[in-house]
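[1] Okay, predicted coordinates and the sequence, questions at the end:
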Amino acid sequence: MAAMVISPNPIARSLTTPRRSPSAPPPLATPARQSIRHRTPTSFPNSDGWRERRAFQRRVEPARSSTMAARPQLLVSPPPATTMAMIALVLLCYFPDSAPASLLDHPLGDLLGKVGTANATAPAASAAASSKTAAPAPSDPAAKAEREKQMQQLKELEAQGREYTKANGLVSKTNFTGAYKGMAREFVSGHNAARARYGLAPMTWDHTLARHARRWANAMRKDCEFKHSGSKQFSESIFRQRGHFNATAVDAVYMWSDEERYYDKATGQCIGGHDCGHFRLMVLKRHTKMGCARSECFKGGVFISCNYQ
């Protein structure tokens, strides 16, 4: 027995189904997993040319997605034309002088040549300017004349001293320089030997003090006068011996150490009004540095100066 198929009520179907215009195309079947990106206004059937646009989207969208996945879009936009022009100008300013001639044949060759010339001449100009700035000011003519006069007097005194020493049979072992090898060691060891007897720390040699002593000793070469420099920056002991050039640092230290018999260790002063100032400076506790010099007088004799701090 055949089954009977009951068709729905045509009136009810007309009420539930929306009316459609006879000229409108049939509705497009929506895919099950259609992305939101595809549901643009151009996808609806009421738009003109919807079939062509829909077919184009189906062809282009997969290819575009694969291309973007393989080569993602740059996040930084290309620089504008003004930025590129500034970069080119900076490169031109640092264009080397040793560029090949083929580059200078470019329409920018004139500009490159000017830039290279400017780079080559700038250091010379700056050097000339710095040399002008660093040039010393002209000295005072009066001071220059005074220095020349002093040098001339010194040369005359040296000539007289050599004649005097030759006439009197004197011999300078230092060739009138006053200094000899091991002189500084003799001064330091002689002073520290005296300080060790009083339990004091040794002194060290100081070049600044020695330079001041040398200046004063050289100033005393003219007449070998027994005179202090009068400086307030340091303590000073002097020694003089006339007649020959044989006195050394050992002789000066021995003469100063001979004053120890008049030195009172308890009070640090001299006894009975005797002079012990040279030895007192040798063993003064606050002295830690020393510097000495020796000079030979023009008419015979030795002058020695020692400074302490």
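    It's in. Quick caveat, the model's predicted, so the values are computed rather than measured. Residues are numbered from 1 along each chain as shown.
[2] ok, how many other residues are close to Val283?
    Counted with other CB atoms under 10 Å, residues neighbouring Val283 total 21. C-betas here are computed from N, CA, C, even on glycine.
[3] Against Glu148, how distant is it?
    Separation of Val283 from Glu148 (CB to CB, to the nearest Å): 45 Å.
[4] what does Lys166 give?
    27 Å.
[5] Ok, Cys276 next?
    Cys276 sits 45 Å away from Glu148, going by CB to CB.
[6] Those two: which is more packed in?
    Remark: of Cys276 and Glu148, Cys276 carries more neighbours, 20 against 10, as counted by other CB under 10 Å.
[7] Could you list the low-confidence segments of the stretch 51-200 of the chain?
    For the stretch 51-200 of the chain, the stretches with pLDDT under 70 are 56, 59-85, 88-139.
[8] what about 90?
    Low-confidence segments of the stretch 51-200 of the chain (pLDDT under 90): 51-178.
[9] What segments of this structure are helices?
    10-16, 50-70, 81-93, 101-104, 109-134, 141-167, 183-196, 207-219, 249-257, 277-282 (DSSP state H).
[10] Can you give me the neighbour number for His278?
    Neighbour tally, His278, other CB under 10 Å: 20.
[11] cool, Phe226 as well?
    10.
[12] Give me the nearest residue to Asp264, chain neighbours excluded.
    Spatially, and ignoring its direct neighbours in sequence, Asp264 is nearest to Ile271 (5.2 Å; CB to CB, 6 or more residues apart in numbering).
[13] wait, doesn't that neighbour sit right on Lys265?
    No - using CB atoms under 8 Å, Ile271 is not in contact with Lys265; the gap is 10.4 Å.
[14] Next one, pLDDT for Asn46 please.
    If you check Asn46, the pLDDT there is 51.
[15] For Gln152, grab the count of nearby residues.
    Residues near Gln152, counting by other CB under 10 Å, number 10.
[16] I should have written Pro141 there, sorry.
    Neighbours of Pro141 (other CB under 10 Å): 8.
[17] Next one: it from Glu148, what distance?
    Computed as CB to CB, the Pro141 to Glu148 distance reads 10 Å.
[18] same check, this time on Phe298
    20 Å.
[19] which ones are touching Phe226?
    Contacts for Phe226 (CB atoms under 8 Å, 6 or more residues apart in numbering) come out as Ile238, Arg240.
[20] Run through the residues that contact Val188.
    Contacts of Val188 by CB under 8 Å, 6+ apart are Pro202, Met203, Thr204, Trp205, Met290.
[21] ok, 6 Å please
    Trp205 (CB atoms under 6 Å, 6 or more residues apart in numbering).
[22] With the one 4 residues further on instead?
    Asn192 sits next to Pro202 when contact means CB under 6 Å, 6+ apart.
[23] again, but for Thr174
    Per CB under 6 Å, 6+ apart, neighbours of Thr174: Tyr180.
[24] Please apply the same query to the one 10 residues further on.
    Taking CB under 6 Å, 6+ apart as the contact definition, Ala184 lies against Trp205.
[25] same thing but at 8 Å, please
    Residues near Ala184 by CB under 8 Å, 6+ apart: Trp205, Ala210, Cys292.
[26] shouldn't the first one be in contact with Gly291?
    Yes - contact status for Trp205 versus Gly291: in contact at 6.4 Å, counting by CB under 8 Å.
[27] So which of those two has more stuff around it?
    The neighbour comparison of Trp205 against Gly291 (other CB under 10 Å) goes to Gly291, with 25 against 14.
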